[in-house]
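Visitor: fold the following for me, if possible:
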Amino acid sequence: MVILGQMHGDEHAGVDITQAIRHGAQVQGINLWVVPTINPDGNAGHVRRNAHGVDLNRNWSWSWKSSGRSSAYYSGPKPFSEPETRELAAFLRYVKPHWVVSLHQPLYGVDSNGVKSLTLYRHLIDELGLPAKPLRCEGVCHGTMTGWFNHTQSGAGITVELARTPSQSFLQRAPTALVTALLGHY
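Guide: Residues are numbered from 1 along each chain as shown. As a prediction, this is how the structure comes out:
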């Protein structure tokens, strides 16, 4: 299992949640990899894109489309042009996770679009208490990590969108809820 806390530097709640998992009690029952961020430059600057100005969740090869540099969703000059994207892809190919959960903000829901594992989908909805929601991104969801993972790897990936500003109580219960959704426990 893999939990990715942050792809967009201006979406920090997933970093807090994954850090709580990493520094909390030992997870039992599953092999869990926790990646707080793949965008340290964006995180440091509180900006969506990486240091090259690329939206890392539009830089994957599955269904990649070129978008202009001025777009908030600039996909880069070609798929896998960014070192962060290439490294995460190599990591996922090496680890071969059964499930990948990618945390984002602020659309508030568990993505019901193109679900590959109904079990994971239902567990995330039940444990996190988030609604099921088709996350189509108003036509800009191309070249995404979960799309790439679901179409090129044997496991299942899903996007979980947290609220713009999650409550303190949600942030406190989310680490346990995520681990439980992935069939683990503390």
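
Visitor: any idea how far Arg122 is from Asp111?
Guide: Distance of Arg122 to Asp111, given as C-beta to C-beta, to the nearest Å: 13 Å. Glycine gets a C-beta too; all of them are placed from N, C-alpha and C.

Visitor: so the two - more neighbours on which side?
Guide: Set side by side, Arg122 and Asp111 show more neighbours around Asp111, with 25 against 14, by other C-beta atoms under 10 Å.

Visitor: tell me the phi and psi of the more buried one?
Guide: phi -60, psi 120 (degrees, to the nearest 10).

Visitor: so it touches Pro134, yeah?
Guide: Yes: contact criterion C-beta atoms under 8 Å: Asp111 and Pro134 qualify, at 7.1 Å.

Visitor: got the CA coordinates for the strand ranked longest in the chain in PDB?
Guide: Longest strand in the chain by number of residues (criterion: DSSP state E): strand 156-163. The C-alpha trace of strand 156-163 is given here as PDB (Å, rounded to 0.1, in the frame of the first residue of the first chain):
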ATOM      1  CA  ALA A 156      -5.500   0.200  -8.100                       C
ATOM      2  CA  GLY A 157      -5.000   3.900  -7.400                       C
ATOM      3  CA  ILE A 158      -7.600   6.400  -6.200                       C
ATOM      4  CA  THR A 159      -7.700  10.200  -5.600                       C
ATOM      5  CA  VAL A 160      -9.100  11.400  -2.300                       C
ATOM      6  CA  GLU A 161      -9.900  15.100  -2.200                       C
ATOM      7  CA  LEU A 162      -9.900  16.700   1.300                       C
ATOM      8  CA  ALA A 163     -11.700  19.900   2.100                       C
END
